[in-house]
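>>> Let's see this in three dimensions:
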Amino acid sequence: MQAGIKEKNKGFWWEMKRHRTLYLMCVPALLLLLAFAYLPMGGIYMAFTKYNVVDGIFGSPFVGLDNFRYFLQGNPYAWNAIGNTLIINFWGLILGTILPITLAIFMNELKNGVFKKLSQSAMFFPYFLSWVVVGAILYGFLTANFRVDRRSGELIVTGANGVVNRLIMAMGGTPVRWYAEPRYWKAIVIMLDVWKWAGYNSIIYMAAMAGFDGSLYEAATIDGASRWQQIIHLTLPMLKPNVVILTLMCIGRIFFGDMGMIWGVVGNNSTILDAVTVIDTYVYTSMRSMGFGFSTAIGLCQSVMGLILILLANQTAKKINDGEGLF
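So this is what the prediction gives:
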């Protein structure tokens, strides 16, 4: 015991000398972390300037908090982007947790090995599709061709429609101009996001279930518990730590929108873009007129708000789950 205390008090350099091989192995990773995570943080100063290329980051005029004020005060486009980002990410978080867990449990209950492998491959396939490809597929489902009758003002179908509109017409309904109706697109974007990531996220839960103690299920079976009761009282409680960690990590990104998803699915369609524009797409469209200082200020706001939310959520999770949290 006393020898352990003496070794502990020998200091930093003694520790470095004793474990120098392990610390040398960490040097490349630490250098990469320094180069790509910490040194670029000097560019945060750009958020407080009216940046121009000629003067550079530290030579540009200092404007204080003007960029932040313009973003957060009296800018309806910015608040629309913030609201859309929170709505899309919130429902994406809820549905993106429920669906992968459901799929993972179903896959875990399957006994047919061939069907199970085919199902896993089919679920995982959307993860490899780019959002441009997803947007093209969606267009094939939702496209509609109309013209307006000059006399009556009614919409008349003039050509082949997508799969969805053909089904609507087959059931006696009126085709929908999906790409001219903004009210549908928040739900469409949320469903696409959940669909694309559900198979990938389900694998994480399936890997966690592979490590569960099988003797617990055997004991439950002997006690007469059905498969449904085993899922409710064994599988879900044991999955809770994984759900908490993944949820907390998602909360840290709740102010960040998926620009690739929005532009790949919606494109530059001004009719529906306002309904689904997120902070990242707002930054891209406003950067040309407002400059890099303004976009840097928005990025800093996103990071700070994400940090605050994840700290609060982590403290709440630790109180609810008896100390279980991300850190």
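>>> Verify the stated contact: residue 100 with residue 198.
Yes: in this structure, residue 100 is within contact of residue 198 by CB atoms under 8 Å, at 5.1 Å. (Glycine included, C-beta is placed from N, CA and C.)
>>> Skip ahead from the helix or strand hosting residue 230 and say which helix or strand is next.
Here residue 230, judged by DSSP states H and E, is contained in helix 227-230. Using DSSP H and E, the helix or strand that directly follows helix 227-230 along the chain is helix 236-251.
>>> Go through the following helix or strand past that next one and flag the buried ones.
Per DSSP H and E, the first helix or strand lying C-terminal to helix 236-251 is helix 259-265. By neighbour count with 16 or more other CB atoms under 10 Å, helix 259-265 contains the buried residues 259, 261-265.
>>> any chance of the residues you listed in JSON lines, plus pLDDT?
JSON lines is the format used below for these (pLDDT from 0 to 100):
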{"residue": "259", "pLDDT": "89"}
{"residue": "261", "pLDDT": "92"}
{"residue": "262", "pLDDT": "92"}
{"residue": "263", "pLDDT": "91"}
{"residue": "264", "pLDDT": "91"}
{"residue": "265", "pLDDT": "92"}
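>>> the helices in the stretch 51-200 of the chain, which residues?
66-72, 76-109, 113-124, 131-142, 163-170, 185-210 (DSSP state H, counting those that start in this stretch).
>>> Need the contact partners of the fifth one.
Taking CB atoms under 8 Å, 6 or more residues apart in numbering as the criterion, the residues outside helix 163-170 that touch it are 140-144, 157, 161, 174-176, 178.
>>> Least confident of those?
Lowest pLDDT among the contacts of helix 163-170: residue 157, with 59.
>>> Show me the shaky parts of the stretch 151-300 of the chain.
Along the stretch 151-300 of the chain, segments meeting pLDDT under 70 span 151-160.
>>> sorry, that was for the stretch 1-150 of the chain
For the stretch 1-150 of the chain, the ranges with pLDDT under 70 are 1-9, 74, 146-150.
>>> Give me the distance between residue 211 and residue 242.
For residue 211, the distance to residue 242 equals 10 Å [CB to CB, to the nearest Å].
>>> These two: which is more packed in?
residue 242 (15 against 7; other CB atoms under 10 Å).
>>> Not counting residues beside it along the chain, what's closest to that one?
residue 208 (4.8 Å; CB to CB, 6 or more residues apart in numbering).
>>> Surely the one you found and residue 235 touch.
No: if you go by CB under 8 Å, residue 208 and residue 235 don't touch, sitting 9.8 Å apart.
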